[in-house]
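Participant: model this:
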Amino acid sequence: MPPSRGPVSTPRKLHQTLANNKGPVHVARYAKGTAKYVLSGGQDRIVRLWNPELGTEIKRYAAHGYEVLSITVAHDNSRFASSGGDRQVFVWDVMTGQTVRRIPGHMGKIFAVEFNEDASVLASGSYDSTVRLWDMKAQNRSPIQILEEARDSVQAIHIGRTYISTGSVDGHVRTYDLRMGELRTDFLGRTSPLLLLLLILPSHTLVYTDPVTAVVPSQDNQTYLVTTIDGHVRLMDMSTGKMLNDFSGHASSSYRIRACFGHGEASVVCGDEDGKVWAWDLVDAAPLQPNPPPVVHDKVITWVEHHPIEAGEMITASADGTVKVWRN
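Facilitator: Okay, here's the model as predicted:
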């Protein structure tokens, strides 16, 4: 994946703080295309629609009975879906603020929901270790497919044109090739360094699993970023599973955190548990200045997302109850 090599920078100037949330914010998503809106959800069970330019709350979507853990926006911005502790997916009409569909079926919290390109299919990943695919054009309440290969909670999903990628607490990224009907599994883990134990009891090799919290493919679908709870963000080759680069230095050991590509995919950006936003050059994995970065949130930064169009804007969501809009 040859990135567009220009001046590599990360938006560092605070433009607005979106602060009406009551309790930790788990997710914040930009609207698609050039639309200037942000959706956030968290512990207070409310999804909020924001104008990030003015820092104002436009609308509230209140139907969840438990915390909101994931949001996905349809391609035309007319609908979005959200999920969390309710064990069902809520599909919303943006303008009316009403739920147009509720999709039950999981046996535990739903940590991830994601539309495909034209919002005709929605995928949901759960604490019950399954991913379920739903036909959004049919009224059938049964999933069109259930992916059951994960051995622990599914934390991340991405739907491409010809594939689905999932990330799980079992330390695996699973990529389902829809054209070939094949599954490729990449394991993110480490072998125990207890060499003496291995020499004496070779059948007792210890393997540490690094829970996967986020999977973000590049635009050309040749590589993907995987965030794990071990203080690492890795750039992986989509076709071979080979690690191409490793980004570290940030504090990450306990919380679900999402990293993302910076503008032009020339950098990688990730928040950490100390409230700092880290950025690295994609090619040499060197931390960008300032290094180390200053503390910009009072608690762990749970979500980072770069604007899909604007070169100099991104948002961060935090357990301190705020979403912050950053610009160059």
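
Participant: Can you pull out the low-pLDDT segments for the stretch 151-300 of the chain?
Facilitator: 190-208 (pLDDT under 70).

Participant: change it to 80
Facilitator: 189-209 (pLDDT under 80).

Participant: which residue ranges form the helices in it?
Facilitator: In the stretch 151-300 of the chain, the helices defined using DSSP state H, counting those that start in this stretch lie at 195-200.

Participant: quick one, strands of it?
Facilitator: 154-159, 163-168, 172-177, 182-187, 189-191, 207-209, 212-217, 223-228, 232-237, 243-248, 259-261, 267-271, 277-281 (DSSP state E, counting those that start in this stretch).

Participant: Please convert those strands to a markdown table, extending it with distance to Leu133 and mean neighbour count.
Facilitator: C-beta here means a position set from N, CA and C on the backbone, and glycine is covered the same way. Converted to a markdown table, those look like this (distance: least, Cβ to Cβ, whole Å; neighbours: other Cβ atoms under 10 Å):
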| stretch | distance to Leu133 | mean neighbour count |
| --- | --- | --- |
| strand 154-159 | 9 | 24 |
| strand 163-168 | 8 | 24 |
| strand 172-177 | 10 | 20 |
| strand 182-187 | 14 | 14 |
| strand 189-191 | 27 | 12 |
| strand 207-209 | 26 | 14 |
| strand 212-217 | 17 | 24 |
| strand 223-228 | 20 | 24 |
| strand 232-237 | 23 | 21 |
| strand 243-248 | 29 | 16 |
| strand 259-261 | 24 | 23 |
| strand 267-271 | 29 | 25 |
| strand 277-281 | 34 | 24 |
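
Participant: and those as a markdown table, adding distance to Asn20?
Facilitator: Output for these, formatted as a markdown table (distance: least, Cβ to Cβ, whole Å):
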| stretch | distance to Asn20 |
| --- | --- |
| strand 154-159 | 27 |
| strand 163-168 | 30 |
| strand 172-177 | 35 |
| strand 182-187 | 39 |
| strand 189-191 | 40 |
| strand 207-209 | 38 |
| strand 212-217 | 25 |
| strand 223-228 | 27 |
| strand 232-237 | 30 |
| strand 243-248 | 33 |
| strand 259-261 | 24 |
| strand 267-271 | 20 |
| strand 277-281 | 22 |
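
Participant: which one of those strands lies closest to His297?
Facilitator: Evaluated with Cβ to Cβ, the strands of the stretch 151-300 of the chain place strand 267-271 nearest to His297, the distance being 7.4 Å.

Participant: quick check: angle from that closest one to strand 232-237?
Facilitator: 140 degrees (axes from the mean of the first three to the mean of the last three Cα atoms, to 10 degrees).

Participant: which helices and strands does strand 267-271 pack with?
Facilitator: Applying 3 or more Cβ pairs under 8 Å, 6 or more residues apart in numbering; DSSP states H and E, one finds that strand 267-271 contacts strand 232-237, strand 259-261, strand 277-281, strand 301-306, strand 313-318.

Participant: Show me the one of those strands that comes nearest Val47.
Facilitator: So among those, strand 313-318 is nearest, using Cβ to Cβ, at 12.5 Å.

Participant: I'm done for today, thanks for sticking with me.
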